[in-house]
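Sequence and predicted structure are below.
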Amino acid sequence: MADKNTSKEELDKFLQNVDDIQSIIKGMASGDAKAQQKACKAADEKLGKIRRTPVDNTGVNKTVINQRAFDELARGQKQGPQAAGEMGQEAFMDFIEKDAAERAARKKEQKDEATALKEEGNKAFKAGDFQTAVDFYTQGLEKLKDFKELWTNRAQAYIKLGQYDEALSDCDWAMRCDDKYVKAYIHKGRALVAKKEYDKALETYQEALKVDSKQEKTVNAYIRDLKTAKAVEEEEEKAKERIESGDQEAEGVVELLKRIRQPNKPVIFYTGGLKLLTMFLKDCTEDKHTAQTLFRTCRGFELISDVAVISRCMNAPASLTKEEVDMCESLLKLYREANKSNVVNQKHAISVPRMPDIVTNLLHTSQDEDLSDACVAIINELSQNAEGRTTIVNNFDTTRLMQGLLKFMNIGSSRSAANAVGTLNNMAIDKKFLMQFRDSFEESVLPAFENIMKRCAEISLTVVPSCVSMVSNMAVDPVLRRIMSARAELWEACLQAMDVCLSDQTKYDEVLEPLTGLMVNLTLKPSAVPQEPVIALATISKTHGLLDSPNPTIVQRTAGILSHVLPLSDESIKVCQDSAPSGLFRLLKDPDLQTVKYAMKALAACTKCSDTARKTVIQQDTKIETLRSLLKVEDETLQANSSLCIGHLLNDKALCQSLYGTDMVMELLKHVADHKNSVVQQNCAIALATLAQEDRRHVERLRELHGLGILHDCMKHFN
């Protein structure tokens with residue numbers, strides 16, 4: 001064990017000693033004779049102190065002055081002032097340098113050994129063996145006491161062990177090693193919160209913000225936890241006061257819980273008690289949090305483990321009598337009422353031994369719809385806030401949980417379906433939840449979703465849109481998106497669902513909206529889109545007609561799909577070249593910038609290889625004024641695609657002739673000369689060169705504007 005009695009004074013003395021020696025070395029190496037003499041005198045004084053003071057090998061690591069260097073210096077001084085100045089300095093510097101190298105090597109060796117012990121401690125900590133972690137961190141500190149990470153790591157382990165004073169001491173030591181070390185402040189604040197010293201904890205967190213304002217998000221999260229802990233303590237005090245003051249309702253709850261815990265009673269006896277407790281919680285509208293706290297502090301959530309009959313039934317839901325099912329359903333409804341809008345109760349309920357496994361097993365094995373509905377409702381309540389979602393991620397087998405919830409989506413008439421899909425939609429915005437599915441997603445989730453898509457005509461329209469939105473939200477995770485984008489079975493299922501939706505757009509409008517959103521996400525990264533041309537062709541052939549939808553969200557997402565797929569597939573452009581360009585051009589005037597950007601990119605792809613698309617655009621905008629106006633919008637992506645499209649259109653000789661006498665040359669030249677984005681600059685240069693080539697009169701205008709040299713330099717640079 002490290003010496004816990006090592007004082008701050010010892011550490012300060014050690015650090016001052018290092019500063020003194022560095023000052024002596026700097027003076028001895030100085031070219032100033034006075035500075036050298038002063039350094040020699042300081043070295044003599046330091047030498048005298050070291051000879052009189054025994055070396056302390058305990059406590060904080062000491063920097064020890066090389067004795068031989070001072071002996072050599074002393075011998076040089078006996079030979080005379082000049083020798084002392086020259087030989088003493090040389091000897092001192094020689095031995096100091098050698099000693100510094102030796103100390104650096106020892107320091108590195110100690111750091112390596114301490115780091116290895118830290119890693120072993122980290123492994124033990126992750127495994128939940130906190131005492132072993134403390135032991136490893138302590139051994140590391142015996143190797144190197146100024147290793148700040150070891151101090152804070154051991155503090156965290158002490159907090160887990162409930163040894164808060166030891167944790168506070170370790171955090172103080174870490175601050176002495178580095179007073180700007182934010183982790184030390186954070187863990188000190190945690191220890192103070194655990195000791196219910198909330199004001200001191202808040203001061204510590206505020207100090208952390210002063211040390212590093214960039215950690216504001218992290219520190220504020222701990223401050224929120226502090227406020228929650230303080231509020232919980234206050235609620236528990238109020239609940240305690242209600243009992244001690246003889247409050248009839250509070251005493252009634254305590255008595256009810258006591259009676260329910262009686263063993264060997266009929267199932268109906270327990271069911272009646274659970275329903276009475278639920279009614280009590282429902283009726284407490286004015287002081288509901290206190291009532292919920294009373295339920296928690298009186299071990300209401302532990303009924304599932306304390307009462308043998310309840311425990312047996314909840315652990316074997318597949319073979320229950322109707323009375324036993326009613327009892328289990330009553331228990332879950334009671335828990336749900338106790339958890340409503342109460343994050344502390346939600347966390348506590350899930351922390352009851354085996355509760356996550358019991359709930360998950362109910363989803364998979366229960367044959368009773370009412371019991372399943374109550375089970376899903378509890379999880380849904382938990383998923384509606386960030387703390388609850390974190391509780392699910394940290395305590396449940398999320399793959400089994402998701403499989404259980406997906407099962408209900410295939411049951412169109414189930415009351416559980418809406419809650420199940422709502423829960424998954426809530427969870428799909430949690431990054432950690434998504435990361436947990438990366439390895440099992442393709443096997444455990446996608447087949448069930450594909451089945452829903454293929455059966456979307458049979459499943460309730462209140463479920464399918466939310467289900468599609470859930471998978472679309474999951475596509476935010478880049479790994480999951482790549483898996484989905486590369487899966488041919490998923491594309492086939494989505495296109496099959498698209499056929500159903502297109503058969504009656506009015507009926508399936510609520511499905512089309514999230515479905516097109518999912519397809520936008522799946523086509524987001526071109527390299528991840530399936531290479532089978534048939535899928536690209538089918539996607540474009542089925543979706544491009546939606547540009548005429550009265551739903552602006554569907555229109556925008558359709559433009560997004562086209563903008564992602566068309567640049568990669570010339571064959572797909574041929575499929576939609578007769579109708580899509582006019583719809584895309586119309587969207588260039590849309591008030592929503594994202595819609596305009598999607599449409600512009602898709603139109604640039606169409607006009608690249610389709611003469612039909614180019615003619616359609618020119619017919620609708622004879623002097624391409626719409627495209628020219630987009631060059632002035634302060635969005636580089638939009639400018640790049642509009643200039644690219646202009647370049648494609650200028651291959652039309654008649655258009656180039658009609659642009660003579662306009663400001664086309666000046667507009668393009670301005671971007672060639674001044675634009676900071678090289679893509680925009682290059683596209684405008686190519687468009688300008690094409691314009692001049694198709695109609696030589698534009699060359700004269702270029703010459704008037706002194707633009708030939710600018711264009712030549714630009715094209716030379718890009719070549």
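That came through fine.

Show me how far the strand or helix carrying residue 629 is from its chain's centre.
Assigned by DSSP states H and E, residue 629 falls within helix 625-630. Relative to the mean C-alpha coordinate of its chain, helix 625-630 is positioned 40 Å out (C-alpha atoms, centre = their mean, to the nearest Å).

packing partners for the helix or strand just after it?
Sequence order places helix 636-649 as the next helix or strand after helix 625-630, per DSSP H and E. Contact partners of helix 636-649 among helices and strands, from 3 or more C-beta pairs under 8 Å, 6 or more residues apart in numbering; DSSP states H and E: helix 593-609, helix 611-620, helix 625-630, helix 664-674, helix 678-694. Yep, even glycine has a C-beta here, placed from its N, CA and C like the rest.

got those as CSV, with distance to residue 545 columns?
CSV is the format used below for the helices and strands packed on helix 636-649 (distance: least, C-beta to C-beta, whole Å):
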stretch, distance to residue 545
helix 593-609, 14
helix 611-620, 16
helix 625-630, 23
helix 664-674, 34
helix 678-694, 30
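
Those helices: which one's closest to residue 510?
helix 593-609 (20.2 Å; C-beta to C-beta).

what's the closest one in contact with?
Helix 593-609 is contacted by residues 552, 555-556, 559-560, 562-563, 566-567, 570, 573, 576-577, 580-581, 584-585, 587-590, 613-614, 617, 630, 635, 637-638, 641-642, 644-645, 648-649 when judged by C-beta atoms under 8 Å, 6 or more residues apart in numbering.

Also stretch 621-635?
Residues contacting stretch 621-635 (C-beta under 8 Å, 6+ apart): 585, 588-589, 593, 596-597, 600, 617-618, 638-639, 642-643, 645-646, 649, 655, 658-659, 662, 664, 667, 671, 684.

if we go to 6 Å?
For stretch 621-635, the surrounding residues in contact (C-beta atoms under 6 Å, 6 or more residues apart in numbering) are 588, 638-639, 642, 645-646, 649.

which regions of the stretch 601-719 of the chain sit below the pLDDT cut-off?
715-719 (pLDDT under 70).

Where do the helices of the stretch 451-600 of the chain begin and end?
Using DSSP state H, counting those that start in this stretch, the helices found in the stretch 451-600 of the chain span residues 464-474, 478-485, 488-503, 509-522, 533-543, 552-565, 570-576, 580-587, 593-609.

And those, which one averages the lowest pLDDT?
Note on the helices of the stretch 451-600 of the chain: lowest mean pLDDT is at helix 533-543, with a mean of 77.

tell me which residues in it are buried?
Residues 535-540, 542-543 are the ones in helix 533-543 that count as buried (16 or more other C-beta atoms under 10 Å).

Would you mind getting the angle between that helix and helix 580-587?
50 degrees (axes from the mean of the first three to the mean of the last three C-alpha atoms, to 10 degrees).

Just the CA trace of the helix holding residue 629, in CSV.
C-alpha atoms of helix 625-630 as CSV (Å, rounded to 0.1, in the frame of the first residue of the first chain):
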residue,chain,number,x,y,z
GLU,A,625,-31.2,32.7,-65.5
THR,A,626,-32.3,30.3,-62.7
LEU,A,627,-29.0,28.4,-62.7
ARG,A,628,-27.0,31.7,-62.9
SER,A,629,-28.9,33.0,-59.9
LEU,A,630,-27.8,29.9,-57.9
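
about what we covered before: tabulate the helices of the stretch 451-600 of the chain (JSON lines), appending distance to residue 265.
Shown next, in JSON lines, are those (distance: least, C-beta to C-beta, whole Å):
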{"stretch": "helix 464-474", "distance to residue 265": "42"}
{"stretch": "helix 478-485", "distance to residue 265": "49"}
{"stretch": "helix 488-503", "distance to residue 265": "51"}
{"stretch": "helix 509-522", "distance to residue 265": "49"}
{"stretch": "helix 533-543", "distance to residue 265": "62"}
{"stretch": "helix 552-565", "distance to residue 265": "57"}
{"stretch": "helix 570-576", "distance to residue 265": "70"}
{"stretch": "helix 580-587", "distance to residue 265": "70"}
{"stretch": "helix 593-609", "distance to residue 265": "63"}
